[in-house]
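1. Here is my input, please return the structure:
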Amino acid sequence: MGKERTLRVGGVNIRVHTKHAADEYAALWKALHRLRLPTTRGVNALMIGSLTSLDETPDSPLVGSFYRFTNINPDDPWFDINEHKEADANDVAEVKIPKKLKPNLKEYPYLFDLKKHKLFFKSGGHDGGISPSLVQRMLQNLSRQPSVYRRFGDVDLTVMTEHSVLERLLKWPEIRQIELVLERPNPTDFDDDQSFYERLKRRNLKKEVTTFVKANEEKTITPDEEMLKMFKIAVNNGKYTQKGKNAEGVIETASSTNYPLEEATTYDPDVTTERNAFIEVARRLAA
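-> Below is the predicted model of the structure:
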């Protein structure tokens with residue numbers, strides 16, 4: 001047995017509102033892939049790399065790798081390590097790097113479950129990973145490109161949250177305020193989402209913002225079944241924010257965005273590959 005390695009998996013919930021079907025999500029992902037457009041943050045860049053079907057079954061998940069690399073601006077100052085100063089213009093002139101070549105390439109696996117419209121990716125572990133916020137930003141950038149927007153309209157993206165975060169937050173001894181940002185869900189997912197979707201559609205709303213404030217004479221907010229259903233929708237399709245005193249008695253504001261999904265597992269590289277270990281975790285999360 002070799003030394004076990006750690007793998008962490010994050011996720012983004014992707015929702016289109018043209019047609020709620022697996023083939024529509026497949027068409028969306030292939031359209032994003034065809035753009036071959038990197039998203040940059042500082043000197044780091046991220047883009048959708050490879051793409052294939054996991055198997056030959058209908059509605060098979062799409063799998064591949066994200067490419068992360070360094071996007072150097074050759075016009076920025078260069079540093080001479082030997083001279084310990086800014087590089088001489090003559091030395092810089094000798095640097096010849098074709099624009100098509102990018103250094104420090106890292107490949108991180110992803111899996112897009114078309115039925116559940118959920119994207120999973122390596123967010124950490126051996127050899128690093130990609131933050132959920134960066135993946136969300138990349139997808140926002142790609143989905144706003146004219147060719148994609150004309151075909152699919154608004155694409156809603158929510159970073160997936162830790163499964164137990166809502167339960168933990170509601171255990172606070174004093175909850176003073178809860179704010180929900182409820183974005184359009186996919187109406188075929190759950191019965192609760194279906195009724196909420198129909199309400200937004202009936203009112204011509206893209207999203208709904210609801211705030212609950214504790215009565216002055218009460219100790220804490222006590223959610224009922226209807227509120228809990230709304231909380232669940234917000235965590236999966238929007239944002240949940242809570243203010244009050246936490247378990248340590250400290251006044252705090254907590255948001256679902258502070259608790260992105262990071263499902264951890266370990267694998268033995270002598271027994272299985274990182275890709276196979278990742279796919280196993282991703283498929284379990286999508287189930």
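
2. remind me which residues of the stretch 101-250 of the chain are low pLDDT?
-> Low-confidence segments of the stretch 101-250 of the chain (pLDDT under 70): 185-194, 197.

3. same thing but 90
-> 126-127, 163-164, 182-208, 226, 229-230, 232-238 (pLDDT under 90).

4. Can you list the residue ranges for strands in it?
-> 106-113, 118-125, 156-159, 174-183, 207-213, 238-245 (DSSP state E, counting those that start in this stretch).

5. Contacts made by the shortest one with the rest, please.
-> Residues from elsewhere that reach strand 156-159, judged by CB atoms under 8 Å, 6 or more residues apart in numbering: 10-17, 132-133, 136, 139-140, 143, 183-184, 236-238, 257, 260-261. The C-beta positions use only the backbone N, C-alpha and C, and glycine is treated the same way.

6. make it 10 Å
-> Under the criterion CB atoms under 10 Å, 6 or more residues apart in numbering, residues 10-17, 117-119, 131-133, 135-140, 143, 181, 183-186, 206-207, 234-239, 256-257, 259-261 lie in contact with strand 156-159.

7. Helices - which of the residues you listed land there?
-> Members of these lying in helices (criterion: DSSP state H): 132-133, 135-140, 143, 234-236.

8. Which among these count as buried?
-> Those of these that meet the buried threshold are 132, 135-139, 143, 234-236, by 16 or more other CB atoms under 10 Å.

9. what's the farthest-apart pair in those?
-> Spanning the widest gap among those are 138 and 234, at 23.6 Å by CB to CB.

10. So which of the buried ones among the ones in helices among the contacts of strand 156-159 is the closest to residue 166?
-> Once CB to CB is applied, the member of these that ends up nearest residue 166 is residue 235, at 5.6 Å.

11. Quick one: residues contacting the closest one.
-> 13, 158, 160-163, 165-166, 169, 180, 256, 259.

12. How about residue 49?
-> Contacts of residue 49 (CB under 10 Å, 6+ apart): 33, 36, 64-68, 105, 107-110.

13. Please indicate which of those residues are buried?
-> 33, 64-68, 108-110.

14. how about those residues in TSV, adding distance to residue 271?
-> Listed next are those as TSV, based on distance: CB to CB, whole Å:
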residue	distance to residue 271
33	31
64	23
65	22
66	25
67	27
68	27
108	21
109	17
110	22
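
15. Closest to residue 44 out of those residues?
-> Set against residue 44, the nearest of the buried ones among the contacts of residue 49 by CB to CB is residue 68 (6.4 Å).

16. partner strands of whatever helix or strand the closest one lives in, parallel or antiparallel?
-> Using DSSP states H and E, residue 68 falls within strand 62-70. With DSSP bridges as the test, strand 62-70 is paired with strand 44-53 (antiparallel), strand 106-113 (antiparallel).

17. which of those sits most buried?
-> Highest mean neighbour count among the strands paired with strand 62-70 (mean count of other CB atoms under 10 Å): strand 106-113, with a mean of 22.

18. How far off centre is it?
-> 12 Å (CA atoms, centre = their mean, to the nearest Å).

19. if we can go back for a sec, which two among the ones in helices among the contacts of strand 156-159 are spaced furthest apart?
-> The most distant members of the ones in helices among the contacts of strand 156-159, if one measures by CB to CB, are 138 and 234, lying 23.6 Å apart.

20. hang on, the earlier thing: which two of the contacts of residue 49 lie the greatest distance from each other?
-> 36 and 109 (18.7 Å).

21. Out of the strands of the stretch 101-250 of the chain, the one nearest residue 270 is which?
-> Among the strands of the stretch 101-250 of the chain, strand 118-125 sits nearest to residue 270 (CB to CB), with 16.6 Å.
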